[in-house]
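Asker: could you look at this predicted model? Sequence included:
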Amino acid sequence: MSVADLLSTAIDTVDAAVLIEAAAGVGSFLSLVALARAAFPGDPTAARARTHAKRRAELRAGILASTRRSSHGGGSGADAARPTVGLFRRVLEWLKLTRSEEARKTAEMLARAGWRSADTVTLFLGLRLCLPVLVGSAAYLGIALLGPDIDPMRRLLGAIFGALVGAYGPTLFVRNAIQRRRQKLLKGLPDALDLLVICAEAGLSLDAALTRVAREIGPAAPELADEIGLTAIELGFLPNRRDALHNLNRRTELPAIRGVVNTLVQTERYGTPLAHSLRVLAAEFRDARMMRAEEKAARLPATLTVPMIIFILPVLFIVLVGPAIIQAMQVFRH
(Lines give C-alpha, C1' and ligand atoms only; values in the text may rest on other atoms or scores of the structure.)
Protein backbone atom coordinates (compact mmCIF):
# COMPACT_ATOMS: atom_id res chain seq x y z
CA MET A 1 0.00 0.00 0.00
CA SER A 2 1.36 3.42 -0.94
CA VAL A 3 1.93 6.38 1.41
CA ALA A 4 -1.03 8.24 -0.13
CA ASP A 5 -3.33 5.31 0.65
CA LEU A 6 -2.06 5.23 4.22
CA LEU A 7 -2.68 8.94 4.68
CA SER A 8 -6.14 8.76 3.14
CA THR A 9 -7.10 5.83 5.37
CA ALA A 10 -5.82 7.67 8.46
CA ILE A 11 -7.78 10.81 7.51
CA ASP A 12 -10.97 8.82 6.92
CA THR A 13 -10.76 7.26 10.37
CA VAL A 14 -10.34 10.61 12.12
CA ASP A 15 -13.48 12.42 13.16
CA ALA A 16 -13.99 15.70 11.29
CA ALA A 17 -15.09 17.49 14.46
CA VAL A 18 -11.82 16.58 16.17
CA LEU A 19 -9.84 17.98 13.26
CA ILE A 20 -11.84 21.21 13.28
CA GLU A 21 -11.33 21.62 17.02
CA ALA A 22 -7.60 20.95 16.71
CA ALA A 23 -7.29 23.47 13.86
CA ALA A 24 -9.22 26.05 15.88
CA GLY A 25 -6.98 25.48 18.89
CA VAL A 26 -3.80 25.84 16.85
CA GLY A 27 -5.14 29.00 15.20
CA SER A 28 -6.06 30.53 18.57
CA PHE A 29 -2.62 29.74 19.97
CA LEU A 30 -0.86 31.31 16.97
CA SER A 31 -3.08 34.38 17.24
CA LEU A 32 -2.19 34.79 20.92
CA VAL A 33 1.51 34.44 20.11
CA ALA A 34 1.24 37.08 17.35
CA LEU A 35 -0.61 39.48 19.69
CA ALA A 36 1.97 38.94 22.43
CA ARG A 37 4.86 39.65 20.05
CA ALA A 38 3.11 42.79 18.81
CA ALA A 39 2.32 44.03 22.32
CA PHE A 40 5.76 43.25 23.79
CA PRO A 41 8.36 43.71 21.04
CA GLY A 42 11.96 42.82 21.71
CA ASP A 43 14.66 45.40 22.32
CA PRO A 44 17.45 44.77 19.78
CA THR A 45 19.58 47.56 21.23
CA ALA A 46 19.67 46.03 24.71
CA ALA A 47 20.35 42.57 23.29
CA ARG A 48 23.17 43.95 21.15
CA ALA A 49 24.68 45.75 24.13
CA ARG A 50 24.63 42.55 26.18
CA THR A 51 26.24 40.60 23.34
CA HIS A 52 29.01 43.15 22.90
CA ALA A 53 29.68 43.36 26.64
CA LYS A 54 29.92 39.57 26.84
CA ARG A 55 32.31 39.39 23.88
CA ARG A 56 34.45 42.17 25.36
CA ALA A 57 34.63 40.31 28.67
CA GLU A 58 35.58 37.06 26.89
CA LEU A 59 38.40 38.72 24.98
CA ARG A 60 39.65 40.51 28.09
CA ALA A 61 39.58 37.25 30.05
CA GLY A 62 41.50 35.48 27.29
CA ILE A 63 44.19 38.17 27.25
CA LEU A 64 44.53 38.10 31.05
CA ALA A 65 44.70 34.30 31.07
CA SER A 66 47.45 34.24 28.43
CA THR A 67 49.37 36.93 30.35
CA ARG A 68 49.07 34.93 33.55
CA ARG A 69 50.28 31.73 31.86
CA SER A 70 53.28 33.51 30.35
CA SER A 71 54.18 35.20 33.65
CA HIS A 72 53.98 31.89 35.53
CA GLY A 73 56.03 30.00 32.96
CA GLY A 74 53.12 28.21 31.31
CA GLY A 75 50.08 26.54 32.75
CA SER A 76 48.92 23.03 33.11
CA GLY A 77 47.45 23.09 29.60
CA ALA A 78 44.02 21.98 30.80
CA ASP A 79 40.99 24.19 31.06
CA ALA A 80 39.10 24.48 34.29
CA ALA A 81 36.07 22.32 34.47
CA ARG A 82 32.90 24.25 33.73
CA PRO A 83 29.94 23.76 36.01
CA THR A 84 27.17 21.82 34.32
CA VAL A 85 24.07 23.85 33.48
CA GLY A 86 20.89 21.86 33.14
CA LEU A 87 20.11 18.36 32.08
CA PHE A 88 21.10 18.90 28.44
CA ARG A 89 24.62 19.94 29.37
CA ARG A 90 25.10 16.94 31.62
CA VAL A 91 23.86 14.54 28.95
CA LEU A 92 26.01 16.12 26.24
CA GLU A 93 29.09 16.06 28.41
CA TRP A 94 28.42 12.42 29.26
CA LEU A 95 28.14 11.65 25.54
CA LYS A 96 31.23 13.82 24.86
CA LEU A 97 29.41 15.93 22.29
CA THR A 98 30.28 19.38 23.61
CA ARG A 99 33.86 19.22 22.31
CA SER A 100 33.21 17.34 19.09
CA GLU A 101 33.48 18.62 15.54
CA GLU A 102 29.69 18.61 15.29
CA ALA A 103 29.48 21.02 18.25
CA ARG A 104 31.94 23.39 16.57
CA LYS A 105 29.99 23.36 13.30
CA THR A 106 26.77 23.85 15.22
CA ALA A 107 28.23 26.86 17.05
CA GLU A 108 29.28 28.42 13.73
CA MET A 109 25.85 27.79 12.22
CA LEU A 110 24.08 29.34 15.21
CA ALA A 111 26.46 32.31 15.13
CA ARG A 112 25.49 32.94 11.50
CA ALA A 113 21.87 33.04 12.70
CA GLY A 114 22.79 35.54 15.44
CA TRP A 115 22.83 33.16 18.43
CA ARG A 116 26.32 32.99 19.94
CA SER A 117 25.75 31.81 23.48
CA ALA A 118 27.19 28.49 24.62
CA ASP A 119 23.84 27.69 26.21
CA THR A 120 22.23 28.06 22.77
CA VAL A 121 24.56 25.40 21.36
CA THR A 122 23.74 23.11 24.29
CA LEU A 123 20.01 23.69 23.84
CA PHE A 124 20.19 23.05 20.09
CA LEU A 125 22.14 19.81 20.47
CA GLY A 126 19.84 18.69 23.27
CA LEU A 127 16.78 19.36 21.14
CA ARG A 128 18.27 17.40 18.27
CA LEU A 129 18.69 14.47 20.65
CA CYS A 130 15.28 14.68 22.34
CA LEU A 131 12.88 15.91 19.66
CA PRO A 132 12.96 12.76 17.47
CA VAL A 133 11.90 10.63 20.45
CA LEU A 134 9.35 13.14 21.74
CA VAL A 135 7.75 13.98 18.37
CA GLY A 136 7.77 10.34 17.27
CA SER A 137 6.10 9.23 20.51
CA ALA A 138 3.58 12.07 20.30
CA ALA A 139 2.74 11.11 16.69
CA TYR A 140 2.28 7.46 17.66
CA LEU A 141 0.02 8.33 20.63
CA GLY A 142 -1.91 10.92 18.60
CA ILE A 143 -2.64 8.44 15.83
CA ALA A 144 -3.63 5.84 18.41
CA LEU A 145 -6.04 8.25 20.13
CA LEU A 146 -7.56 9.74 16.98
CA GLY A 147 -7.82 6.45 15.13
CA PRO A 148 -8.11 3.46 17.46
CA ASP A 149 -8.83 1.12 14.56
CA ILE A 150 -5.58 1.92 12.72
CA ASP A 151 -3.25 -1.06 12.63
CA PRO A 152 0.13 -0.87 14.43
CA MET A 153 2.13 -0.73 11.19
CA ARG A 154 0.52 2.55 10.18
CA ARG A 155 1.08 3.91 13.68
CA LEU A 156 4.73 2.97 13.36
CA LEU A 157 4.97 4.77 10.02
CA GLY A 158 3.46 7.88 11.60
CA ALA A 159 5.92 7.66 14.48
CA ILE A 160 8.84 7.37 12.04
CA PHE A 161 7.59 10.40 10.14
CA GLY A 162 7.30 12.35 13.42
CA ALA A 163 10.84 11.31 14.40
CA LEU A 164 12.16 12.57 11.06
CA VAL A 165 10.37 15.89 11.57
CA GLY A 166 11.85 16.19 15.06
CA ALA A 167 15.34 15.33 13.80
CA TYR A 168 15.48 17.78 10.89
CA GLY A 169 13.10 20.46 12.17
CA PRO A 170 15.64 22.40 14.31
CA THR A 171 18.21 22.45 11.51
CA LEU A 172 15.67 23.70 8.97
CA PHE A 173 14.54 26.36 11.43
CA VAL A 174 18.11 27.60 11.97
CA ARG A 175 18.83 27.63 8.22
CA ASN A 176 15.71 29.67 7.63
CA ALA A 177 16.83 32.12 10.33
CA ILE A 178 20.27 32.36 8.68
CA GLN A 179 18.69 33.16 5.31
CA ARG A 180 16.48 35.88 6.80
CA ARG A 181 19.44 37.40 8.65
CA ARG A 182 21.54 37.45 5.48
CA GLN A 183 18.82 39.30 3.62
CA LYS A 184 18.67 41.90 6.39
CA LEU A 185 22.46 42.27 6.34
CA LEU A 186 22.46 42.83 2.57
CA LYS A 187 19.67 45.38 2.85
CA GLY A 188 21.54 47.61 5.31
CA LEU A 189 25.08 47.18 3.95
CA PRO A 190 25.12 50.09 1.40
CA ASP A 191 23.95 52.61 4.02
CA ALA A 192 26.53 51.31 6.49
CA LEU A 193 29.30 51.72 3.90
CA ASP A 194 28.18 55.30 3.21
CA LEU A 195 28.45 56.08 6.91
CA LEU A 196 31.83 54.36 7.05
CA VAL A 197 33.07 56.51 4.14
CA ILE A 198 31.94 59.66 5.96
CA CYS A 199 33.70 58.55 9.15
CA ALA A 200 36.90 57.68 7.24
CA GLU A 201 36.93 61.04 5.47
CA ALA A 202 36.42 62.75 8.83
CA GLY A 203 39.70 61.26 10.03
CA LEU A 204 38.45 58.54 12.36
CA SER A 205 40.41 55.33 12.72
CA LEU A 206 38.91 52.04 11.58
CA ASP A 207 37.99 51.01 15.14
CA ALA A 208 36.30 54.33 15.93
CA ALA A 209 34.59 54.43 12.52
CA LEU A 210 33.11 50.95 12.95
CA THR A 211 31.93 51.78 16.46
CA ARG A 212 30.26 54.97 15.26
CA VAL A 213 28.63 53.23 12.30
CA ALA A 214 27.31 50.44 14.55
CA ARG A 215 25.77 53.05 16.86
CA GLU A 216 24.19 55.07 14.04
CA ILE A 217 22.62 52.22 12.03
CA GLY A 218 21.42 50.31 15.11
CA PRO A 219 17.75 51.40 14.87
CA ALA A 220 17.53 50.74 11.10
CA ALA A 221 19.65 47.57 10.78
CA PRO A 222 20.21 45.95 14.21
CA GLU A 223 21.67 42.75 12.72
CA LEU A 224 24.36 44.59 10.76
CA ALA A 225 25.04 46.87 13.73
CA ASP A 226 25.60 43.77 15.86
CA GLU A 227 28.18 42.34 13.45
CA ILE A 228 29.99 45.65 12.97
CA GLY A 229 30.06 46.31 16.72
CA LEU A 230 31.56 42.88 17.41
CA THR A 231 34.19 43.50 14.74
CA ALA A 232 35.10 46.84 16.33
CA ILE A 233 35.50 45.17 19.74
CA GLU A 234 37.67 42.39 18.31
CA LEU A 235 39.85 44.92 16.47
CA GLY A 236 40.70 46.47 19.83
CA PHE A 237 41.45 43.21 21.63
CA LEU A 238 42.81 40.64 19.19
CA PRO A 239 46.59 40.77 18.60
CA ASN A 240 46.15 40.31 14.84
CA ARG A 241 43.65 42.79 13.47
CA ARG A 242 43.07 40.76 10.32
CA ASP A 243 41.64 37.95 12.45
CA ALA A 244 38.83 40.27 13.56
CA LEU A 245 37.96 41.09 9.95
CA HIS A 246 38.09 37.44 8.93
CA ASN A 247 35.80 36.61 11.88
CA LEU A 248 33.24 39.00 10.40
CA ASN A 249 33.46 37.13 7.10
CA ARG A 250 33.10 33.76 8.83
CA ARG A 251 30.07 34.87 10.86
CA THR A 252 28.16 36.14 7.83
CA GLU A 253 29.45 34.16 4.80
CA LEU A 254 28.16 36.75 2.34
CA PRO A 255 30.01 37.64 -0.89
CA ALA A 256 29.29 41.34 -0.37
CA ILE A 257 30.75 41.38 3.16
CA ARG A 258 33.66 39.26 1.92
CA GLY A 259 34.46 42.06 -0.54
CA VAL A 260 34.33 44.63 2.27
CA VAL A 261 36.58 42.47 4.44
CA ASN A 262 39.12 42.05 1.63
CA THR A 263 39.14 45.81 1.10
CA LEU A 264 39.72 46.49 4.80
CA VAL A 265 42.46 43.84 4.98
CA GLN A 266 44.18 45.40 1.98
CA THR A 267 43.93 48.81 3.62
CA GLU A 268 45.43 47.48 6.85
CA ARG A 269 48.27 45.72 5.00
CA TYR A 270 49.28 48.20 2.29
CA GLY A 271 47.89 51.48 3.57
CA THR A 272 45.68 52.14 0.54
CA PRO A 273 43.05 54.92 0.77
CA LEU A 274 40.07 53.57 2.67
CA ALA A 275 37.43 56.13 1.73
CA HIS A 276 37.80 55.75 -2.04
CA SER A 277 37.60 51.93 -1.95
CA LEU A 278 34.59 51.96 0.33
CA ARG A 279 32.83 54.56 -1.84
CA VAL A 280 33.22 52.31 -4.88
CA LEU A 281 31.90 49.30 -2.93
CA ALA A 282 28.95 51.29 -1.60
CA ALA A 283 27.99 52.35 -5.14
CA GLU A 284 28.22 48.75 -6.37
CA PHE A 285 26.11 47.40 -3.50
CA ARG A 286 23.52 50.13 -3.99
CA ASP A 287 23.25 49.26 -7.69
CA ALA A 288 22.94 45.57 -6.77
CA ARG A 289 20.15 46.38 -4.31
CA MET A 290 18.32 48.37 -6.98
CA MET A 291 18.71 45.48 -9.43
CA ARG A 292 17.24 43.07 -6.89
CA ALA A 293 14.26 45.39 -6.40
CA GLU A 294 13.77 45.68 -10.17
CA GLU A 295 13.98 41.90 -10.49
CA LYS A 296 11.26 41.45 -7.89
CA ALA A 297 9.11 44.03 -9.65
CA ALA A 298 9.61 42.24 -12.97
CA ARG A 299 8.54 38.92 -11.40
CA LEU A 300 5.39 40.45 -9.95
CA PRO A 301 3.09 40.00 -13.02
CA ALA A 302 4.02 36.33 -13.36
CA THR A 303 3.53 35.83 -9.62
CA LEU A 304 0.09 37.44 -9.67
CA THR A 305 -1.14 35.37 -12.62
CA VAL A 306 -2.28 32.36 -10.59
CA PRO A 307 -4.07 34.40 -7.86
CA MET A 308 -5.83 36.43 -10.55
CA ILE A 309 -6.99 33.29 -12.35
CA ILE A 310 -8.23 31.66 -9.14
CA PHE A 311 -9.74 34.59 -7.22
CA ILE A 312 -10.32 37.57 -9.54
CA LEU A 313 -11.35 36.21 -12.94
CA PRO A 314 -14.25 34.02 -11.65
CA VAL A 315 -15.73 36.99 -9.79
CA LEU A 316 -15.22 39.18 -12.85
CA PHE A 317 -16.99 36.67 -15.09
CA ILE A 318 -19.87 36.40 -12.63
CA VAL A 319 -20.29 40.18 -12.47
CA LEU A 320 -20.04 40.72 -16.24
CA VAL A 321 -21.69 37.61 -17.65
CA GLY A 322 -24.08 36.83 -14.80
CA PRO A 323 -26.77 39.44 -15.67
CA ALA A 324 -26.70 38.42 -19.34
CA ILE A 325 -27.15 34.76 -18.40
CA ILE A 326 -30.08 35.62 -16.10
CA GLN A 327 -31.76 37.69 -18.79
CA ALA A 328 -31.27 34.94 -21.37
CA MET A 329 -32.77 32.37 -18.98
CA GLN A 330 -35.79 34.61 -18.41
CA VAL A 331 -36.30 35.11 -22.16
CA PHE A 332 -36.11 31.38 -22.87
CA ARG A 333 -38.47 30.67 -19.99
CA HIS A 334 -41.16 32.99 -21.37
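Answerer: Received it, and whenever you're ready, just let me know what you need.

Asker: where do the helices sit along the chain?
Answerer: Assigned by DSSP state H, the helices in the chain fall at 3-13, 16-39, 44-71, 86-95, 101-112, 118-146, 152-201, 206-216, 222-237, 241-252, 255-270, 274-307, 313-333.

Asker: as a markdown table, the ones you listed with mean neighbour count would be great.
Answerer: Heads up, the C-betas are built off the backbone N, CA and C, glycines and all. Below are these laid out as a markdown table (neighbours: other CB atoms under 10 Å):
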| stretch | mean neighbour count |
| --- | --- |
| helix 3-13 | 12 |
| helix 16-39 | 10 |
| helix 44-71 | 13 |
| helix 86-95 | 15 |
| helix 101-112 | 16 |
| helix 118-146 | 17 |
| helix 152-201 | 17 |
| helix 206-216 | 20 |
| helix 222-237 | 22 |
| helix 241-252 | 19 |
| helix 255-270 | 16 |
| helix 274-307 | 13 |
| helix 313-333 | 10 |
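
Asker: check these for me: which has the lowest mean pLDDT.
Answerer: When the helices of the chain are compared by mean pLDDT, helix 3-13 comes last with a mean of 51.

Asker: OK, contacts around the residue nearest to the spatial centre of the chain?
Answerer: Residue closest to the average C-alpha location in the chain (CA atoms, centre = their mean): residue 177, at 1.5 Å. The contact partners of residue 177, taken as CB atoms under 8 Å, 6 or more residues apart in numbering, are 113-114.

Asker: separation between it and residue 117?
Answerer: 15 Å (CB to CB, to the nearest Å).

Asker: please apply the same query to residue 205.
Answerer: 30 Å.

Asker: repeat that for residue 292.
Answerer: Remark: distance between residue 292 and residue 117 (CB to CB) = 32 Å.

Asker: again with residue 124
Answerer: 10 Å.

Asker: for residue 134, same thing?
Answerer: For residue 134, the distance to residue 117 - CB to CB - is 23 Å.

Asker: now do residue 152
Answerer: If you measure residue 152 against residue 117 using CB to CB, the figure is 42 Å.

Asker: what do you get for residue 215?
Answerer: 23 Å.

Asker: please apply the same query to residue 217.
Answerer: With CB to CB as the criterion, residue 217 and residue 117 are 24 Å apart.

Asker: the more surrounded of these two?
Answerer: residue 217 (21 against 14; other CB atoms under 10 Å).

Asker: residue 167 reaches residue 133, doesn't it?
Answerer: No: in this structure residue 167 lies outside contact range of residue 133 using CB atoms under 8 Å: 9.7 Å.
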